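Chemist: What follows is a predicted protein model with its sequence.
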Amino acid sequence: MKILIQSAALLGLILSFAPASLMADDLTPCYGRTAFERLRKRVTLEIAPGVPGLRMCDKENAQYKLYSALTLIESLTAPNEEADDFDTFILSREPWDYVYLETGTFKLESASEEVCRDRAYIVGAGDSAFRQVQVCPSIVNFSALGAAENLLHMIRHAQGHKHESCKRGLNKGAGGCDKSYLEKGANAVSAEFFVKVARDYGVSGAIEREARSSATTYFLSRFNELPLDLEDGIGLLRDDGDFVHYAGRTPRVIFESLPRESQLTAVSSTPFFIRSATCRVLMFEYDRNPKSVEDRLSERQLCSAFQLDENEEIRDFIEIPGMMCALLSESVHCRKSAGELKAHIIPVENARGFLYSRSSAFLGSLAFSIVDSSGDVVPLPLTWDEFSTIQELKAGERKIDLISIAEWSDSKEIAVRLNGDVVIFDRKSNSWSDAPALSGFKAKRLIAPFVWSPKIHEL
Ligand SMILES: [Zn+2]
């Protein structure tokens with residue numbers, strides 16, 4: 001029996017932002033022949049007939065990408081640190097040992113092989129009795145780090161670990177979650193691997209950042225029991241530039257005074273802050289040192305994905321699973337998180353910001369709406385199921401002055417008004433009321449639920 005990765009959801013996740021794995025891969029370093037010769041002695045590689053020959057440093061070459069992924073794992077030098085809550089001990093100090101001890105052979109399949117033909121699988125783990133990991137040519141779409149993680153993840157599946165459906169968070173209802181981190185399933189091996197890479201002294205800064213954001217994404221969204229003291233709550237960007245997490249009674253500042261000059265305009269549901277000073281879309285990832293916010297802003301390729309011109313400013317940004325939209329001065333650009341990079345453009349005038357409503361009775365079942373300067377809510381004529389059905393905007397439907405809204409737990413909705421007040425929707429009285437615990441300052445943007453714990457900064 002073959003065990004295959006359920007990669008569609010993972011693919012979406014990977015594409016959304018965090019690891020730029022399926023974006024053009026400029027993160028794969030060029031490993032030299034010496035590294036490959038050493039590798040050849042340590043692992044059995046089988047190449048199916050019809051697979052193109054090895055072309056060194058060609059990131060579109062499947063053999064090269066497989067070698068690169070294995071070389072990356074093999075090159076990791078575990079830092080000499082005490083074990084902490086990030087360790088599950090699936091991987092020993094040297095992740096290579098796991099590959100070496102658990103795998104017989106890697107087989108690079110041709111595109112016509114059944115396992116690779118019909119679906120978007122990147123890597124399939126063969127029958128565990130044969131201890132063979134099948135790798136499909138689509139491995140070239142992954143960064144070296146993403147491919148390496150997939151290999152380890154698949155080995156874990158081949159050992160009998162399966163996913164369950166996601167019971168919380170953005171992926172609720174979808175497959176691809178594990179019960180807990182400490183259960184040591186396939187997601188745990190992925191997360192632990194990313195942690196080890198992020199902490200490795202030898203990897204480049206780009207790979208370190210990709211690893212840290214990938215690990216964070218896993219911790220936030222791939223375990224039904226939140227690990228590392230993470231708590232559901234709301235994240236609020238305040239007028240003073242602080243970004244604050246509310247979970248219990250005491251709000252905790254995650255970042256103080258994010259760079260003002262950077263025109264921070266939006267906070268995504270994945271752990272990124274987004275800014276746009278020029279056309280460039282910059283994102284910040286969770287980091288152990290809040291002071292290095294500016295250093296850590298990492299440029300991605302969303303600018304071209306959204307087809308922004310040089311001086312366009314992103315005024316707001318919103319993301320739901322499968323889709324993301326940017327509000328520009330005179331248009332909304334939307335694109336799927338996975339697959340096509342082409343943006344769908346809807347002209348708008350006088351828009352102030354996005355509302356997002358997943359299942360709100362108040363706003364209907366609209367995926368996205370925008371609030372115009374008069375306070376009208378204007379539904380965007382699309383949902384992520386019907387991405388292709390973009391038409392012209394309808395006229396405003398409801399007079400309301402909310403600018404940012406989100407569900408907070410199953411029973412509450414929380415929102416920011418145009419004037420910066422934070423309000424909570426009470427379903428019983430069908431009305432909005434002030435949120436006393438959140439008053440005392442003006443807010444610009446919220447995300448709920450927003451999962452956070454101080455521990456995530458120790459990554
Ligand atoms: Zn999996």
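Modeler: Yep, it's here.

Chemist: Going by C-alpha atoms from here, please, whenever you check contacts or count neighbours.
Modeler: OK.

Chemist: Give me the domain ranges for this protein.
Modeler: Domain ranges of the chain: 3-221, 234-458, per automatic domain parsing.

Chemist: Now do the last one: distance from first to last residue.
Modeler: Distance between the two ends of domain 234-458: 21 Å, counting by CA to CA, to the nearest Å.

Chemist: Would you map the helices across this protein?
Modeler: 7-16, 33-42, 62-75, 95-102, 114-117, 144-158, 186-198, 205-221, 293-296, 302-305 (DSSP state H).

Chemist: Summarise which helices and strands the second one is packed against.
Modeler: Just to be clear, that refers to helix 33-42. Here helix 33-42 touches helix 62-75, going by 3 or more CA pairs under 8 Å, 6 or more residues apart in numbering; DSSP states H and E.

Chemist: From the rest of the structure, what touches the helix it packs on?
Modeler: Contacts with helix 62-75, where a contact means CA atoms under 8 Å, 6 or more residues apart in numbering, come from 28-31, 35-36, 39, 52-59, 95-96, 108, 137-140, 144-148.

Chemist: thinking again about what came up before, of all the helices of the chain, which lies closest to G173?
Modeler: In terms of CA to CA, the element of those nearest to G173 is helix 7-16, at 11.1 Å.

Chemist: same question for the closest one, mean pLDDT?
Modeler: The average pLDDT within helix 7-16 is 30.

Chemist: hang on, the earlier thing: which one of the domains of the chain has the poorest average confidence?
Modeler: Minimum mean pLDDT among the domains of the chain: domain 234-458, a mean of 70.

Chemist: about what we covered before: could you redo the helices of the chain as JSON lines and give each row mean neighbour count and distance to G176?
Modeler: Listed next are the helices of the chain as JSON lines, based on neighbours: other CA atoms under 10 Å; distance: least, CA to CA, whole Å:
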{"stretch": "helix 7-16", "mean neighbour count": "19", "distance to G176": "7"}
{"stretch": "helix 33-42", "mean neighbour count": "13", "distance to G176": "31"}
{"stretch": "helix 62-75", "mean neighbour count": "23", "distance to G176": "23"}
{"stretch": "helix 95-102", "mean neighbour count": "17", "distance to G176": "22"}
{"stretch": "helix 114-117", "mean neighbour count": "17", "distance to G176": "19"}
{"stretch": "helix 144-158", "mean neighbour count": "26", "distance to G176": "12"}
{"stretch": "helix 186-198", "mean neighbour count": "27", "distance to G176": "8"}
{"stretch": "helix 205-221", "mean neighbour count": "23", "distance to G176": "10"}
{"stretch": "helix 293-296", "mean neighbour count": "15", "distance to G176": "29"}
{"stretch": "helix 302-305", "mean neighbour count": "17", "distance to G176": "26"}
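
Chemist: Just send the ones you listed back as CSV, with distance to D426 too.
Modeler: Shown next, in CSV, are these (distance: least, CA to CA, whole Å):
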stretch, distance to D426
helix 7-16, 32
helix 33-42, 61
helix 62-75, 51
helix 95-102, 50
helix 114-117, 50
helix 144-158, 43
helix 186-198, 37
helix 205-221, 27
helix 293-296, 37
helix 302-305, 37
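
Chemist: do you know which of those helices lies nearest S453?
Modeler: Short answer: helix 205-221, nearest of the helices of the chain by CA to CA, at 10.1 Å.

Chemist: how close does the closest residue to Y181 other than its chain neighbours get to L91?
Modeler: Nearest residue to Y181 in three dimensions, chain neighbours excluded: A188, at 5.3 Å (CA to CA, 6 or more residues apart in numbering). Between A188 and L91 the computed distance is 10 Å (CA to CA).
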